[in-house]
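Enquirer: Quick one, what's the 3D model for this:
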Amino acid sequence: MDLSLDLSVRGERSVVLYRALLEAIREGRLRSGDRLPASRTLAADLGLGRNTVTTVYERLVAEGHLEARTGSGTYVADVVPLPRRRPARAALRPRAGWAWTPRPVSGDSPPPAHDFRAGIPDGSLFPYDTWRRLVSARTRSATVPGTYAGPTGQPALRAAVARHLAYARGVQAEPDDIVTTHGTQHALDLVARVLLRPGDTVAVEDPGYPSARDLFAAHGCRVVPVRVDEEGLVVDELPERCRLVFVTPSHQFPLGPPLSLARRHALLDHARRHDLAVVEDDYDSEFRFVERPLDPLHRLDRDGRVIYVGTFSKSLLPALRLGYLVAPPGLLDALAAARQLSDGFGRPEAELALADFIDDGLMARHVRRATRVYAERRDLVATAAADLGLRLLPSAAGLHLTGVWDEGVSPADVEALLRAAAAEGVVAESLAGYCSLGRPAGVVLGYGAAATASIRPGMRRLARLRARAAGR
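Expert: Take a look at the predicted model:
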C-alpha cells in the first residue's frame with residue numbers, strides 16, 4: 001500500500017496518517033474488504049511509531065471506515081467511495097488527418113554471458129505454470145469472444161488495471177479511461193496518430209528514451225531534446241509552440257532521479273498555458289528499492305492534459321506484449337479508432353488471464369518476489385561499480401543503474417571499453433547513446449537480465465579492462 005505523507009506540515013503525525021488513509025478509502029484506492037498491513041508493519045514502512053498507527057486504526061474503526069476482525073486483522077469496511085474526479089474540461093483533441101509511418105524492428109540476438117543491457121527483466125522469474133493455467137482456463141471458457149473484440153481491450157482487464165494503478169501508484173482512472181496496448185511503444189504510436197501532425201514539435205528528455213524519440217520522428221515530427229539536471233526535465237528550456245512533451249518523471253530514463261515536485265507543477269502549469277499534451281511514461285516503477293515515489297503527474301493533473309502510459313513487459317515478461325494508456329476523455333474515441341485501424345484488438349485470452357493474475361493477487365506476489373531478487377543484483381552492481389571508478393547517479397527504482405566518470409575518461413574511452421568487454425562476453429551500454437545534446441562519459445548497467453551469479457565476474461572483467469586501458 002503506497003501512501004504519500006507530508007510529515008513536514010504542522011500538526012500531529014497521527015492526523016497526517018489519518019487523512020491519508022481516509023482519502024485512500026474515499027477515493028476507492030482502498031476497497032471494501034481490503035486487508036490493511038499490521039500496525040507494526042505499516043509503522044516500520046512509514047517511519048512512524050506503532051502507537052501512532054494503532055491510534056489511527058482505532059479512530060477509523062470507530063468511525064466505521066475500518067473493521068477489526070479478531071485473529072484476522074484490520075479490513076476496509078463496506079463503504080461507498082466518493083466519485084473519482086475527472087478533468088473538468090477536455091483540453092486535448094485529436095488532430096485531423098493523422099497518419100503513421102512504419103518503423104523497422106530489430107531481430108533477436110543470443111544473450112551474452114554477462115548481460116548488463118538495460119530494460120530487460122529476468123524471464124526465469126515469471127510464473128509460467130500459473131500463467132499457462134490462467135490462459136488455458138480463459139481459452140476454454142465462454143468469456144473469450146467468438147467474434148472480433150473491442151479495440152480498447154477486455155473490460156475485465158481495464159477494470160483490473162484501474163484497480164492496480166489506484167492501489168500501486170495512486171492513479172485515479174475509470175476502466176473507460178483505459179486503452180490496452182501491446183506495450184509502451186504501441187501506446188506512443190496511438191498517441192502520435194491522434195495528436196500529432198507532420199512538422200509538430202515534440203520535446204523529449206535528453207538523455208532520454210531513444211525509441212520514443214525515433215517514433216515521433218518517424219511520424220514526421222520535429223523532435224527537440226531538452227536538458228535534464230538533478231531535478232529532472234528543465235521545464236524552462238522547453239521549446240516554443242511545442243505540441244507534446246514526453247517525460248519519465250518517476251525515475252528519469254536512463255539517469256534515474258525523479259522529477260522534483262516543483263518541476264512537476266511547473267510542467268503542468270506550462271502545459272496549461274501553452275496548450276500542450278504531456279505523455280508520462282511510468283516504466284518499471286513496480287520495482288522500488290529506496291524511497292517512496294512522488295505522486296504521478298497524472299494524479300496532479302487537473303486540466304486533462306496528461307496521458308499516462310505503462311507496460312507489463314518489465315514487471316512480467318516482454319513476450320506477453322501487454323500494456324495500457326490512461327487518456328483524457330476527449331481523446332478516447334480517437335484512440336479506440338486508431339487502435340482498431342492499426343491492429344484491431346489484443347488477444348482476449350491473454351488480457352482476461354492478466355485480469356485474473358492481477359485480481360487474484362498473483363501480480364503483487366510476483367512483484368514482491370522479483371523485487372527481492374533485483375535488489376540483491378542492484379547491490380552487487382552498486383558495490384562493484386566503485387572498482388570502475390564510477391559515480392553512480394541516485395535511483396530509487398527500475399532495473400538499471402547509471403554511472404559517470406567525472407574526469408579522465410572520454411566518451412571514446414567508454415566506447416572502446418565496451419567493445420573490448422563485449423568481446424569477452426560482457427555487454428553494457430554507453431550513456432552517450434541516449435544523448436543528443438552532448439556525449440557524457442558514462443555507462444548504463446542493467447541488472448534485470450543479469451544472472452545473479454554472473455554479476456561479480458562480469459563487473460570484475462569490466463574493471464580489469466578499465467584498469468588496463470587506464471594503464472596505457
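
Enquirer: For the lengthiest helix in the chain, list every residue counted as buried.
Expert: Using DSSP state H, we find that the single longest helix of the chain is helix 362-385. Neighbour counts over helix 362-385 (16 or more other Cβ atoms under 10 Å) mark 362-363, 366-367, 370-371, 373-374, 377-378, 380-382, 384-385 as buried. To be clear about C-beta, it is placed using only N, CA and C from the backbone, and glycine gets the same treatment.

Enquirer: Distance from that helix to the middle of the chain?
Expert: Distance of helix 362-385 from its chain centroid, counting by Cα atoms, centre = their mean, to the nearest Å, is 16 Å.

Enquirer: residue ranges of the helices in the stretch 251-400 of the chain, please?
Expert: Remark: helices assigned in the stretch 251-400 of the chain by DSSP state H, counting those that start in this stretch are 261-274, 297-300, 329-342, 348-359, 362-385.

Enquirer: Name all residues that make contact with residue 251.
Expert: For residue 251, the contacting residues are 257-258, 285, 395-398, by Cβ atoms under 8 Å, 6 or more residues apart in numbering.

Enquirer: Buried subset of those, written for ChimeraX?
Expert: The buried residues among the contacts of residue 251 can be selected in ChimeraX (16+ other Cβ under 10 Å) with this line:
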select :257,258,285,395,396,397,398
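
Enquirer: Please convert the contacts of residue 251 to CSV, extending it with distance to residue 226 and pLDDT.
Expert: Listed next are the contacts of residue 251 as CSV, based on distance: Cβ to Cβ, whole Å; pLDDT from 0 to 100:
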residue, distance to residue 226, pLDDT
257, 15, 90
258, 16, 92
285, 22, 80
395, 20, 88
396, 22, 84
397, 22, 86
398, 21, 88
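
Enquirer: Show me the two of the contacts of residue 251 that sit farthest apart.
Expert: Using Cβ to Cβ, the two most remote members of those are 257 and 285, lying 13.6 Å apart.

Enquirer: Correct me if wrong: residue 200 contacts residue 224.
Expert: No - Residue 200 is not in contact with residue 224 according to Cβ atoms under 8 Å; the separation is 10.8 Å.

Enquirer: so where is the stretch 351-472 of the chain shaky, pLDDT-wise?
Expert: Scanning the stretch 351-472 of the chain with the threshold set as pLDDT under 70 gives 472.

Enquirer: 50 - rerun?
Expert: Within the stretch 351-472 of the chain, no range satisfies pLDDT under 50.

Enquirer: so who does the closest residue to residue 164 other than its chain neighbours touch?
Expert: Distances taken as Cβ to Cβ, 6 or more residues apart in numbering place residue 358 nearest to residue 164, at 5.2 Å, with adjacent residues excluded. Residues near residue 358 by Cβ under 8 Å, 6+ apart: 160-161, 163-164.

Enquirer: I'd like to know how far residue 358 sits from residue 455.
Expert: Computed as Cβ to Cβ, to the nearest Å, the residue 358 to residue 455 distance reads 31 Å.

Enquirer: again, but for residue 435
Expert: Taking Cβ to Cβ, one finds residue 435 at 26 Å from residue 455.

Enquirer: neighbour-wise, which of those two wins?
Expert: residue 455 (23 against 19; other Cβ atoms under 10 Å).

Enquirer: Please identify the helix or strand for the more buried one.
Expert: helix 452-471 (DSSP states H and E).

Enquirer: Check which helices and strands that helix is in contact with.
Expert: strand 114-115, helix 362-385, helix 411-423, strand 426-427 (3 or more Cβ pairs under 8 Å, 6 or more residues apart in numbering; DSSP states H and E).

Enquirer: Recalculate using a threshold of 6 Å.
Expert: Contact partners of helix 452-471 among helices and strands, from 3 or more Cβ pairs under 6 Å, 6 or more residues apart in numbering; DSSP states H and E: helix 362-385, helix 411-423, strand 426-427.

Enquirer: May I see the buried residues of it?
Expert: Buried residues in helix 452-471, defined by neighbour count with 16+ other Cβ under 10 Å: 454-455, 458-459, 461-463, 465-466.

Enquirer: so what's residue 255 up against?
Expert: 393, 402 (Cβ atoms under 6 Å, 6 or more residues apart in numbering).

Enquirer: Now do the same for it: its pLDDT.
Expert: pLDDT for residue 255: 94.

Enquirer: try the one 4 residues further on
Expert: Residue 259 carries a pLDDT value of 94.

Enquirer: Run a quick neighbour tally on it.
Expert: Residue 259 - counted by other Cβ under 10 Å - has 24 other residues nearby.

Enquirer: do the one 10 residues further on as well
Expert: Counted by other Cβ under 10 Å, the residues lying close to residue 269 total 12.

Enquirer: Helices along the stretch 51-200 of the chain, start to end?
Expert: 128-140, 155-169, 184-195.

Enquirer: Same list (these) but as TSV, adding distance to residue 23, mean pLDDT and mean neighbour count.
Expert: Listed next are these as TSV, based on distance: least, Cβ to Cβ, whole Å; pLDDT from 0 to 100; neighbours: other Cβ atoms under 10 Å:
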stretch	distance to residue 23	mean pLDDT	mean neighbour count
helix 128-140	33	92	15
helix 155-169	12	93	21
helix 184-195	29	96	24
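
Enquirer: returning to what we had before: from the contacts of residue 358, which two are the most distant?
Expert: 161 and 163 (7.4 Å).

Enquirer: is it true that residue 239 touches residue 225?
Expert: No - counting by Cβ atoms under 6 Å, residue 239 does not reach residue 225; the two are 9.8 Å apart.

Enquirer: Those two: which is more packed in?
Expert: Under the criterion of other Cβ under 10 Å, the comparison of residue 239 against residue 225 puts residue 225 first, with 18 against 13.

Enquirer: show me the contacts for the more buried one.
Expert: Per Cβ under 6 Å, 6+ apart, neighbours of residue 225: 204, 206, 436-437.

Enquirer: Using the three-state scheme, assign it.
Expert: strand (DSSP: H, G, I helix; E, B strand; the rest coil).

Enquirer: Quick check: beta-bridge partners of it?
Expert: The partner list for residue 225 in beta bridges (DSSP bridges) reads residue 204.

Enquirer: any idea of the angle the helix holding residue 455 forms with helix 411-423?
Expert: 130 degrees (axes from the mean of the first three to the mean of the last three Cα atoms, to 10 degrees).
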